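Enquirer: this is the structure alone, sequence omitted:
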């Protein structure tokens, strides 16, 4: 997803002179189905076709060795250039511009017809959290947040719904695929993933402001002690308040640079909490540890930080200045297996809720909810009855009720953690 903004820029600039075709060669078993690929394309607002290369035939024919790889072809199908990794937009733009006359003269492709988009009240919701007596929902596909009453009625819409990067009044402000969010008093701190920014919604003033980020995708891993206005973040995925009577601080899951950041509300600085920037799974001292797309955070009342690394399918914990892996062994080790470390497995988890005794995990690509027992260090699967989930993005537990962002079903579900019964939390205008 990190190259999507670059592709959108190129599509807009060159129009029909440049045809982009996505080739999805899935790393995870849970992302191989065409229905899931279509859902992902709709979630990220893709305008170009995507091929399901589930058997890696196209990958092999082009000799690709890494995600992502971009190949520029001429109208005759011959390769003009190749780019491996991220951050090549300027280079690609120059190469396309250089060959544009050749392409225009020989192009014989017809225009593409877009598919109908989802028309439900929610679109790919990714988070739900309580906010006082109400609930706060990240309606990510609609680029907005919703304040919802316990009966499901929408009380307040935060954001215009237009995808963009704009501060100001909550009715006209613009977000881009907001995911993580943390209600804090009369404020809401938002991980605005698509804008690579940390935003604030002030419910008293009705204003949205940017705390960290410029709207540009950052590539540097060195965020130590820098002022927010100087930092280009990379896909902040979640945010959580750290209980501390002395300071007001928030942990931020920086998925794009494989790190956890620490935002100080008083100094307005973002500092490094964990991760050296290398994508892998290695424990030890927090700042020297290696993470892999941290996507969900949950912090206990004692300040213990649990998080999930999506790309290493891992459940991890940060406490006493050190990172420890509880479930997960490697970037290419994933599955659905209960038990203890190292045999137990997850598949691309994106959300979690931690209490002192248990950690509830939204095991996204397994379409499952898992429960990790802190005492026995064992993970189990909650057997669901009277309902299913499709790529659950997050979970929040109150008593025996788990509120789940059922992302690909465009719904919020309530799951009884004792019986596994699934029911709909109906959202209405």
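Expert: Received the coordinates, thanks. Note that the structure is predicted; figures quoted are calculated from it, not measured.
Enquirer: show me the residues around residue 187 that make contact.
Expert: Going by C-beta atoms under 8 Å, 6 or more residues apart in numbering, residue 187 touches 200-203. In this view, the C-beta of every residue, glycine as well, is placed from N, C-alpha and C.
Enquirer: equivalent analysis for residue 129, please.
Expert: 135-136, 181-183, 396.
Enquirer: about what we covered before: filter the contacts of residue 187 to the buried ones?
Expert: 200-201, 203 (16 or more other C-beta atoms under 10 Å).
Enquirer: re the thing from before, residue 240: which of the contacts of residue 187 is nearest?
Expert: Lowest distance from residue 240 to the contacts of residue 187 (C-beta to C-beta) belongs to residue 200, with 14.8 Å.
Enquirer: would you say the closest one is within a strand?
Expert: Yes - per DSSP: H, G, I helix; E, B strand; the rest coil, residue 200 lies within a strand segment.
Enquirer: run through the bridge partners of residue 372.
Expert: residue 359, residue 379 (DSSP bridges).
Enquirer: that one against residue 326, yeah?
Expert: Yes - if you go by C-beta atoms under 8 Å, residue 372 and residue 326 touch, sitting 6.4 Å apart.
Enquirer: any residues in contact with both of those two?
Expert: Between them, residue 372 and residue 326 share these contacting residues under C-beta under 8 Å, 6+ apart: 315, 359.
Enquirer: for these two, work out which one has more neighbours and name it.
Expert: The residue with more neighbours, out of residue 372 and residue 326, is residue 372; 24 against 18, by other C-beta atoms under 10 Å.
Enquirer: tell me the pLDDT at the closest residue to residue 49 other than its chain neighbours?
Expert: Distances taken as C-beta to C-beta, 6 or more residues apart in numbering put residue 21 closest to residue 49, at 5.7 Å, once the chain neighbours are dropped. Residue 21 is assigned 87 on the pLDDT scale.
Enquirer: ok, residue 21 touching residue 46?
Expert: No - using C-beta under 8 Å, residue 21 is not in contact with residue 46; the gap is 10.8 Å.
Enquirer: quick one on the thing from earlier: report how many residues lie close to the residue nearest to residue 49.
Expert: By other C-beta under 10 Å, 11 other residues sit near residue 21.
Enquirer: for residue 41, same thing?
Expert: Counted with other C-beta under 10 Å, residue 41 comes out at 17.
Enquirer: so what's it closest to, chain neighbours aside?
Expert: Among residues not flanking residue 41 along the chain, residue 50 sits closest, at 5.3 Å (C-beta to C-beta, 6+ apart).
Enquirer: please state the offset of the longest helix along the chain from the chain centre?
Expert: Longest among the helix segments of the chain by residue count, using DSSP state H, is helix 89-106. The chain centre lies 32 Å from the centre of helix 89-106; the measure is C-alpha atoms, centre = their mean, to the nearest Å.
Enquirer: pLDDT (mean, whole number) over that helix?
Expert: The average pLDDT within helix 89-106 is 75.
Enquirer: would you mind pulling up the elements that it packs against?
Expert: helix 4-14, strand 69-73, strand 79-84 (3 or more C-beta pairs under 8 Å, 6 or more residues apart in numbering; DSSP states H and E).
Enquirer: which strands or helices does the shortest one pack on?
Expert: Yep, that's strand 69-73 we're talking about. For strand 69-73, the packing partners by 3+ C-beta pairs under 8 Å, 6+ apart come out as strand 79-84, helix 89-106.
Enquirer: also the first one?
Expert: Helix 4-14 makes packing contacts with helix 89-106 when contacts are defined by 3+ C-beta pairs under 8 Å, 6+ apart.
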